[in-house]
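Asks: The amino acid sequence is not available; the structure is as follows:
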């Protein structure tokens, strides 16, 4: 089986549950506060729990945050290929979660931004491996080393782009340069709209696919409604599994992790997306970012909601 390699930032999430966001200059009291490994960790954990050999190529610091990231990855059998960044700890992301499960982020930057083309190359991708890229890595000091590394890859390495909100803020030549290297796009509907100007997810998935290299594959998530998949000349809609959400932090990451893990196992894109939809529905019923279900839990869920 091919591997899932992630190049993005592994952070520590400081998650606080609040009744509502304070006004500017105001105060809010958190009902709870928990510290988790997050960021790229969410995707890699989801992939590992669906059976994929998973590797973090991004940088991890030295300190209590970096230690937490390494411990969380090691617990799932996920390796870190790059050497620790000396004398600098991993950054944190403060996550404010409201009763609606909506979340707001404030992120610092630390050792996870100290990647180089050489440190990324320690992951040693080979033909068929899935190399995952975040749009947030295309801003700041991670941009140039990431591009250098991507442009050095064999064409048979599958580049998977999760654009995030950051991608639409890039200048047009940079977006085009990245899309010319991208085999698979996976995003939410807003991100696809921002990239194409097409608001309808059913149409934006086709518009996105046309921007990618070769026979690019596009997946556009539409929250609990499900997702749209364009693979080859075929476009499919995969309905979601609405659930009572308690925490949506990491739901998109769970979807992406299961999607790429299934593909690494040889599953076709449509079935991979169906399983990713189920994984996302399970995840939002659990608190914490890296709480993806296992492959067996996805099997059980699908057997209950879609028997036969």
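Replies: It's in. Source: prediction; values computed, not measured. Residues are numbered from 1 along each chain as shown.

Asks: Enumerate every residue touching the residue nearest the centre of the chain.
Replies: In the chain, the residue lying closest to the centroid (CA atoms, centre = their mean) is residue 253, at 3.8 Å. Taking CB atoms under 8 Å, 6 or more residues apart in numbering, we find residue 253 in contact with 42, 43, 46, 289, 292. In short, each C-beta sits where N, CA and C put it, glycine included.

Asks: quick one: it from residue 280, how far?
Replies: 9 Å (CB to CB, to the nearest Å).

Asks: same deal with residue 163?
Replies: From residue 163 across to residue 280, the span is 18 Å (CB to CB).

Asks: These two: which is more packed in?
Replies: Neighbour count, other CB atoms under 10 Å: between residue 163 and residue 280, residue 280 has more, with 31 against 26.

Asks: any idea which element the more buried one lies in?
Replies: helix 269-283 (DSSP states H and E).

Asks: With residue 291 instead?
Replies: Going by DSSP H and E, residue 291 is not part of any helix or strand.

Asks: doesn't residue 249 make contact with it?
Replies: No: counting by CB atoms under 8 Å, residue 291 stays clear of residue 249, with 9.3 Å between them.

Asks: Name the residue in the two with the higher neighbour count.
Replies: Taking neighbours as other CB under 10 Å, residue 291 and residue 249 compare with residue 249 leading, 26 against 21.

Asks: What residues does that one make contact with?
Replies: 13, 15, 38, 95, 97, 103, 288, 289.

Asks: switch to 7 Å and redo it
Replies: By CB atoms under 7 Å, 6 or more residues apart in numbering, the contact set of residue 249 is 15, 95, 97, 103, 289.

Asks: end-to-end on stretch 71-87?
Replies: One end of stretch 71-87 sits 19 Å from the other (CA to CA, to the nearest Å).

Asks: That stretch: which residues count as buried?
Replies: 72, 73, 76, 78, 80, 81, 82, 84, 85 (16 or more other CB atoms under 10 Å).
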